[in-house]
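> model the structure of this input:
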Amino acid sequence: MSESRTDHPQVPGRTSEPIVQLGTGIGPDLAAYAREQLSDLLSRRGRPAAPTRLHVVRHGDPAVARPVSARVVVDLDGTTVVVHADASRPRDAVDLLVKRLAHRLEHLARSGREGAHGLPGPHLRSQPGPPPP
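Here you go, the predicted structure:
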């Protein structure tokens with residue numbers, strides 16, 4: 001079983017700071033790089049996000065071609081977006097993950113599943129009850 005460590009700054013009032021968890025064998029410098037890449041993407045998109053969680057782990061099986069897995073979970077205004085990427089090196093996994101997340105967010109924006117202030121949240125979903133007059 002691999003050991004996991006969490007690396008995130010404790011900054012009061014900044015709930016959108018990505019939380020990065022690194023597995024055994026992943027250099028601690030990756031946390032700052034991943035946090036910077038995610039923060040940059042989300043700030044460019046102008047989306048307030050609940051704490052974004054990124055997990056990066058290295059599989060111990062030497063037969064695995066891409067032994068590093070990265071997974072990010074982003075909560076944008078009540079809509080959860082999950083993206084996964086595998087690569088041969090940790091930094092490559094983070095780069096691919098950020099690229100896929102950007103693509104997913106762009107797809108959601110183009111598909112009309114995105115409101116003026118972000119992705120549809122609970123306030124935009126239909127509520128039970130009588131129809132409006």
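
> low-confidence ranges in this protein?
Flagging of the chain using pLDDT under 70 yields the residue ranges 1-16, 46-49, 112-133.

> and the lengthiest helix in it, which residues are buried?
When the chain is parsed with DSSP state H, its longest helix is helix 90-110. The neighbour-count criterion (16 or more other Cβ atoms under 10 Å) identifies P90, R91, A93, V94, D95, L96, L97, V98, L101, A102, L105, L108 as the buried residues of helix 90-110. C-betas here are computed from N, CA, C, even on glycine.

> mind jotting down where the strands sit in the protein?
4-7, 19-23, 53-58, 68-76, 79-87 (DSSP state E).

> right, and D61 touches P67 too?
Yes - with contact defined as Cβ atoms under 8 Å, D61 reaches P67; the gap is 7.1 Å.

> which of these two has more neighbours?
Neighbour count, other Cβ atoms under 10 Å: between D61 and P67, P67 has more, with 19 against 7.

> so how far is G78 from that one?
34 Å (Cβ to Cβ, to the nearest Å).

> so what does the longest helix of the chain touch, helix or strand wise?
Packing contacts for helix 90-110, counted by 3 or more Cβ pairs under 8 Å, 6 or more residues apart in numbering; DSSP states H and E, involve helix 29-45, strand 53-58, strand 68-76, strand 79-87.

> can I get the buried residues of helix 90-110 in JSON lines including distance to T24?
Shown next, in JSON lines, are the buried residues of helix 90-110 (distance: Cβ to Cβ, whole Å):
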{"residue": "P90", "distance to T24": "12"}
{"residue": "R91", "distance to T24": "17"}
{"residue": "A93", "distance to T24": "15"}
{"residue": "V94", "distance to T24": "17"}
{"residue": "D95", "distance to T24": "21"}
{"residue": "L96", "distance to T24": "21"}
{"residue": "L97", "distance to T24": "19"}
{"residue": "V98", "distance to T24": "23"}
{"residue": "L101", "distance to T24": "25"}
{"residue": "A102", "distance to T24": "29"}
{"residue": "L105", "distance to T24": "31"}
{"residue": "L108", "distance to T24": "34"}
